[in-house]
Every structure is written in C-alpha cells, then in structure tokens.
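In: let me see the structure of the following:
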Amino acid sequence: MLSEGTRIGPFRIQQWIREGGCGQSYSGEGWEGDEKGERRFIKLLPRELSEKTGFSDFFLQEGRALEQLQGPGIWGLRKFGVMKWKHWLSYDWFDGAEFQKDEVPEEEEQPPVVNLRS
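Out: Now for the predicted structure:
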C-alpha cells in the first residue's frame, strides 16, 4: 500500500481506497503540469502481474488504445505510466452520492412456492 504523499507519475497519493483482484485503488491529486490540482482515481496494478514477461509492452500498447476510447458509458483513461515496477492508470474522480440505509419494511406474507415439473 502506498503512503499518503507518495508520488506516482504526475500525482500525489491522497488516500488508499481499497485493494481487489485488479490491484490497489487510490485517490490522488496532480502535482505538476496539466494535472496540477486535479483530483484523480488511480489504479496501481499488482506487482505479480507487472513482473510477467512481456507485460510492460502489453500495458503500454493497451494504455494507448484505452486513451482513445470515448463515448457514453465509457470511463475514459486520463493518463497511464510505469514507475519502477509500478504500472498505474488514472481516471477522472467522481464524487459518489451520499446515501442512507433505508429501513427494511417488514416482509409481507408470501404465497407458498410450488414446484412444477414438465
């Protein structure tokens, strides 16, 4: 896990979000160039994956392809890169809506389930 303030590409890590099968997720902020002051979602790919033979070439090729994708429902890739073994991707940050867990209404009586055979 990266510490707050760690630099990766043109970003500084602000906060760890979670880790899953596709790597670690962070919120970060740009600290140089056209990214300065911009909040981004940053994905750090697992080291086990990045150490596989040929992965870096594949990653760079796929990153260039992903940067070109646009359209409704596509979360566009902003930047990507490699620092030492760290392969990272950055996307626009979207603040999520706050929600409150609604009270679950008492279950109404349901009719019995009937198994049918054909």
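
In: packing partners of the lowest-mean-pLDDT helix or strand in the chain?
Out: Among the helices and strands of the chain, helix 47-50 carries the lowest confidence by mean pLDDT, DSSP states H and E, at a mean of 89. Counting contacts by 3 or more C-beta pairs under 8 Å, 6 or more residues apart in numbering; DSSP states H and E, helix 47-50 is packed against helix 55-67, strand 86-92. Placement of C-beta: from N, CA and C, glycine included.

In: what's the most buried one of those?
Out: Most buried of the helices and strands packed on helix 47-50 by mean neighbour count (mean count of other C-beta atoms under 10 Å) is strand 86-92; its value is a mean of 19.

In: from the rest of the structure, what touches stretch 7-18?
Out: 1-6, 24-33, 35-36, 39-40, 42, 44, 79, 81, 83, 86, 88, 90 (C-beta atoms under 8 Å, 6 or more residues apart in numbering).

In: tell me the mean pLDDT over it?
Out: Mean pLDDT, stretch 7-18: 93.

In: before we move on, what about stretch 65-81?
Out: pLDDT averaged over stretch 65-81 gives 90.

In: mind listing the strands for this protein?
Out: With strands called from DSSP state E, the chain shows them at 7-8, 11-20, 23-30, 39-44, 77-83, 86-92.

In: go ahead and flag the most central residue of the chain.
Out: The centre of the chain sits closest to Lys43, judged by C-alpha atoms, centre = their mean, with a distance of 4.8 Å.

In: correct me if wrong: it contacts Gly21.
Out: No - counting by C-beta atoms under 8 Å, Lys43 stays clear of Gly21, with 11.7 Å between them.

In: returning to what we had before: the helices and strands packed on helix 47-50 into CSV, with extra columns for distance to Glu48?
Out: Formatted as CSV, those follow (distance: least, C-beta to C-beta, whole Å):
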stretch, distance to Glu48
helix 55-67, 10
strand 86-92, 11
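
In: check contacts around Val82.
Out: So Val82 contacts Ser50, Ser56, Phe59, Leu60, Trp88 (C-beta under 8 Å, 6+ apart).

In: Glu67: which of those is nearest?
Out: Leu60 (10.9 Å; C-beta to C-beta).

In: tell me how far Trp93 lies from Gly28.
Out: Trp93 sits 8 Å away from Gly28, taking C-beta to C-beta, to the nearest Å as the criterion.
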